[in-house]
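K.L.:
Okay, predicted coordinates and the sequence, questions at the end:
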Amino acid sequence: MSKTALLFAGQGAQAVGMGKDLAEKFPSAKAWFDRANAALGYDLAAICFNGPEAELTKTENAQPGIFLASWVCFELLKEHMPKLKFDATAGLSLGEFTALTAAGAMSFEDGLRVVRQRGKFMQEACDATRGGMAAIIGLDEAPTSELCAETGVVLANLNCPGQIVISGAAEKIARAVELAKAKGAKRAIPLPVAGAYHSPLMAGAQPKLQSELAKIKISSPVVSVISNVTAQAHAGATEISARLVEQVTSSVLWEKSMRGLLALGFTRFIELGPGAALSGFMKRIDKTAQIVNVADTASLEAAVKAISN
């Protein structure tokens with residue numbers, strides 16, 4: 001019996017227009033966007049649909065925007081496939097909040113509001129520090145770890161074979177990029193981000209996020225939700241809160257998380273939300289896994305068809 005996992009997009013997946021065609025075609029999708037606007041007290045839907053890009057890219061808008069667009073894709077998939085069963089969820093960084101919400105660990109409104117606050121706190125940490133990130137392509141984890149030790153940066157995202165993201169102070173990232181090429185990386189690319197996500201430079205956001213999480217009800221999820229920090233399923237509510245705070249400065253163990261699910265017999269993965277980065281990672285982790293994504297009307301229809309066969 002094949003098992004299905006739902007995967008939720010992380011920051012960087014945002015694109016002006018995300019969710020717009022879904023809201024125009026499906027009244028239930030529009031209702032979720034309206035509900036989000038009411039929960040937040042501002043027109044997040046308009047920023048998702050129309051931008052401008054500079055406004056959508058702001059961490060405090062990008063994070064709840066991706067959460068919302070991903071949630072709408074999840075709800076529409078359930079609407080089109082009421083018998084669809086899933087046995088686990090996972091999300092990349094902020095996507096972990098969407099994954100927890102989909103698994104019943106927090107309400108939609110609470111998840112959305114916490115993610116909005118998380119985005120604000122992380123932006124404040126970015127503004128207070130001078131950090132950056134870079135993608136290291138074609139260098140294994142061991143030499144990349146050595147590179148980090150030599151330059152004083154950290155492993156931020158271990159996404160898939162041959163793609164690792166490093167994070168740290170801007171001048172140290174610049175040095176790491178040069179050194180990566182010398183160590184044999186195919187490419188080392190500075191990323192257009194506001195700061196050093198998933199590094200100690202984000203520590204300022206942690207107590208504020210902890211305080212926000214303490215205000216909401218967190219329940220045990222109804223299916224396994226994989227933690228970015230441990231690459232293991234979350235335990236109870238107290239542990240969920242602790243791991244989400246820890247996640248702000250910890251490495252995202254995405255490849256290890258996916259390999260763990262594969263080892264447990266998961267063969268189908270459904271990526272929900274804008275872009276298809278997680279599908280791309282999975283193709284590099286295991287070419288035999290079935291991976292479909294839902295980001296708009298066309299991909300929703302294609303996913304329903306692929307899953308039904």
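P.N.:
Cool, got the structure. Residues are numbered from 1 along each chain as shown.
K.L.:
Let's verify Ser167: helix, strand, or coil?
P.N.:
Reducing the assignment to helix, strand or coil with DSSP: H, G, I helix; E, B strand; the rest coil, the entry for Ser167 is strand.
K.L.:
cool, and Ile136?
P.N.:
Here Ile136 is strand, with the state taken from three-state DSSP.
K.L.:
any chance you could map the helices in the protein?
P.N.:
Ranges of helices in the chain, per DSSP state H, are 20-25, 27-40, 44-50, 53-57, 59-80, 95-102, 108-128, 141-151, 170-182, 206-214, 237-247, 254-263, 277-285, 297-308.
K.L.:
tilt between the fifth one and helix 27-40?
P.N.:
It stands for helix 59-80. In terms of direction (axes from the mean of the first three to the mean of the last three Cα atoms, to 10 degrees), helix 59-80 departs from helix 27-40 by 150 degrees.
K.L.:
From the chain's centroid, how far away is helix 59-80?
P.N.:
Once both centres are worked out by Cα atoms, centre = their mean, to the nearest Å, helix 59-80 turns out to sit 11 Å from its chain's centre.
K.L.:
Tell me what angle that helix forms with helix 95-102.
P.N.:
Here helix 59-80 runs at an angle of 40 degrees relative to helix 95-102 (the same axes, to 10 degrees).
K.L.:
Can you point out the buried residues in helix 59-80?
P.N.:
Buried positions in helix 59-80, judged by neighbour count with 16 or more other Cβ atoms under 10 Å: 59-77, 80. Quick note: C-beta positions are derived from backbone N, CA and C, even for glycine.
K.L.:
Distance-wise, check the residue lying farthest from the centre of the chain relative to Val165.
P.N.:
The outermost residue of the chain relative to its centre, with distances by Cα atoms, centre = their mean, is Ala182 at 30.8 Å. Distance of Ala182 to Val165, computed by Cβ to Cβ, to the nearest Å: 19 Å.
K.L.:
do Ala176 as well
P.N.:
With distances defined as Cβ to Cβ, the gap from Ala176 to Val165 amounts to 11 Å.
K.L.:
More neighbours: those two, which one.
P.N.:
Comparing Ala176 with Val165 by neighbour count (other Cβ atoms under 10 Å), the higher total belongs to Ala176, at 27 against 23.
K.L.:
Ile166 is in contact with that one, correct?
P.N.:
Yes: look at Ala176 against Ile166 with Cβ atoms under 8 Å: they come within range, at 5.8 Å.
K.L.:
okay, and the common contacts of the two?
P.N.:
Shared contacts of Ala176 and Ile166 (Cβ atoms under 8 Å, 6 or more residues apart in numbering): Ala134, Leu147, Cys148, Val153.
K.L.:
How far away from the center of its chain is stretch 175-193?
P.N.:
Using Cα atoms, centre = their mean, the mean C-alpha position of stretch 175-193 is found 23 Å from that of the whole chain.
K.L.:
Of all the residues in that stretch, which ones are buried?
P.N.:
With the criterion 16+ other Cβ under 10 Å, stretch 175-193 contains buried residues Arg175, Ala176, Val177, Leu179, Ala180, Lys183, Ala185, Ala188, Val193.
K.L.:
if we can go back for a sec, mind listing the shared neighbours of Ala176 and Val165?
P.N.:
Between them, Ala176 and Val165 have Ala134 as joint contacts when contacts are counted by Cβ under 8 Å, 6+ apart.
K.L.:
quick one: stretch 38-46 to chain centroid distance?
P.N.:
Per Cα atoms, centre = their mean, the displacement of stretch 38-46 from the mean C-alpha position of its chain is 21 Å.
K.L.:
Now the terminal residues of stretch 243-259, how far apart.
P.N.:
Criterion Cα to Cα, to the nearest Å; first-to-last residue distance in stretch 243-259 is 20 Å.
K.L.:
which parts of that stretch are buried?
P.N.:
By neighbour count with 16+ other Cβ under 10 Å, stretch 243-259 contains the buried residues 243-245, 247-258.
K.L.:
returning to that earlier point: nearest to Val222 among the helices of the chain would be which one?
P.N.:
Go through the helices of the chain one by one with Cβ to Cβ and the one that ends up closest to Val222 is helix 95-102, at 9.5 Å.
K.L.:
Regarding stretch 137-144, how distant is the last residue from the first?
P.N.:
In stretch 137-144, first residue to last residue: 10 Å (Cα to Cα).
K.L.:
Which positions in it come out as buried?
P.N.:
Going by neighbour count (16+ other Cβ under 10 Å), the buried part of stretch 137-144 is Leu139, Thr144.
K.L.:
How far off centre is that stretch?
P.N.:
Its chain's C-alpha centre lies 22 Å from the corresponding centre of stretch 137-144 when counted by Cα atoms, centre = their mean.
K.L.:
And the contacts of it?
P.N.:
So stretch 137-144 is contacted by 136, 147, 155, 158, 162-164, 166, 180, 183-189 (Cβ under 8 Å, 6+ apart).
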